[in-house]
Structures are given as structure tokens and as C-alpha cells.
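S.K.: show me the folded form of this:
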Amino acid sequence: MTSGSSFTIVVGVDGSPDAQLALSWAVDEARQRNGRLRLITVWNKPPLAWFPSVLETAAGGLAVVASPEEDAEKLYAKALKFAVDAGVRATGQVVHHHSAASVIIKAAPEADLVVVGSRGQGGFHGLHLGSVSSQVVNHAPCPVLIIRPKTSKGVSGPSDFPI
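M.R.: From the prediction side, this is the model:
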């Protein structure tokens, strides 16, 4: 937990609909508590992948595919802008690591609360709890809030999410 007077919330940001809900909730909570956010975005490069890649489209054109690192940096920048524009003090980091859960758990001792979405980008769509959120809730040394959408069909709410 933090030793200062500012309530610190660590938020996992991966661009998934659930992570967008988690970020929105954390921004509101930080604003109410005059707290601050620490945003965590983790990326991993698939083995034997070369980025940026140039791919041929079905129409015969060429498309440049950004690297996972570039995608993560853009995602983080949008999330940071969303928080700051909402009047919340926010910092964070983009980390290259094979385990998003490990990075979030490593940041948790500095936090008063960790907020993550119930499911991320991958995995099986029928699961109610993804592997990252499951690991975080079982191993974080501080309270963890897992955000789920109100419907089982996913997010159908406002389009003002940052990412």
C-alpha cells in the first residue's frame, strides 16, 4: 500500500472492452478520492514474428502491420490521455513481458487498489474470468476489483471509451 496520502489505483490496460470499463471505473474512483492512476500496458511479440510487416490484402494492395510494441504504446497513450483529460493524475508504463499478470502483481505493492477487466483480448469467449484477472486476484497483495460488463454479450454502452 502507498505510504502517502494519495489513493493509488493500478489499472491493467489492454484495449479489451472489459479493460475499457475498468479504466473508466478507475478514473471515476480516482477523481472521487483525489487519487492517482498507474496504468499498466503489457505487450509480447509472438515467436518468429517480424514487425512491422507488409502484408498483401485480398484486393491486391499492401498493408503495413504495426508491431505489438507500437500498438501497446498507442493504446497506453490513449488511456493516459483519457485519464488526464478527466482531471486525474496518471502515470504508467508499457512493458514487454510474457505475463501481464506478473507485471500487474509487481506494481500492486505500491497500490491501494488494482482494477482489471474480467477478460482480456485472448482466451475463450465463454469464460467469465480470464487468466490475467484470475492470477491478479489470487496473488496481488492489495484489494483487487474485477470489472465485468452488465450483460453477458459484452459492452454495448457509450462509445466514449478511450481505446
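S.K.: where does the chain have its least confident helix or strand?
M.R.: Comparing every helix and strand of the chain by mean pLDDT, DSSP states H and E singles out strand 53-56 as the least confident one, with a mean of 60.
S.K.: need the contact list for residue 114.
M.R.: By Cβ atoms under 8 Å, 6 or more residues apart in numbering, the contact set of residue 114 is 9-12, 104, 107-108, 136, 140, 142-145. Heads up, the C-betas are built off the backbone N, CA and C, glycines and all.
S.K.: residue 34 contacts residue 7, doesn't it?
M.R.: Yes. Between residue 34 and residue 7 there is a contact under Cβ atoms under 8 Å: 7.4 Å.
S.K.: the two: which has the busier surroundings?
M.R.: Applying other Cβ atoms under 10 Å to residue 34 and residue 7 shows that residue 7 carries more neighbours, namely 18 against 12.
S.K.: give me every residue that touches that one.
M.R.: 30, 33-36, 112-113.
S.K.: closest to residue 86 out of these?
M.R.: Nearest to residue 86 among the contacts of residue 7, counting by Cβ to Cβ, is residue 30 at 8.5 Å.
S.K.: point me to the helix or strand that includes residue 71.
M.R.: For residue 71, the element it lies in under DSSP states H and E is helix 68-85.
S.K.: name the residues of the next helix or strand after that helix that are buried.
M.R.: Counting by DSSP H and E, the next helix or strand C-terminal to helix 68-85 is strand 89-96. By neighbour count, with 16 or more other Cβ atoms under 10 Å as the criterion, the buried positions of strand 89-96 are 90, 92, 94-95.
S.K.: without its sequence neighbours, what residue ends up closest to residue 35?
M.R.: Taking Cβ to Cβ, 6 or more residues apart in numbering as the measure, residue 35 lies nearest to residue 7, with 3.4 Å between them; neighbours along the chain are not counted.
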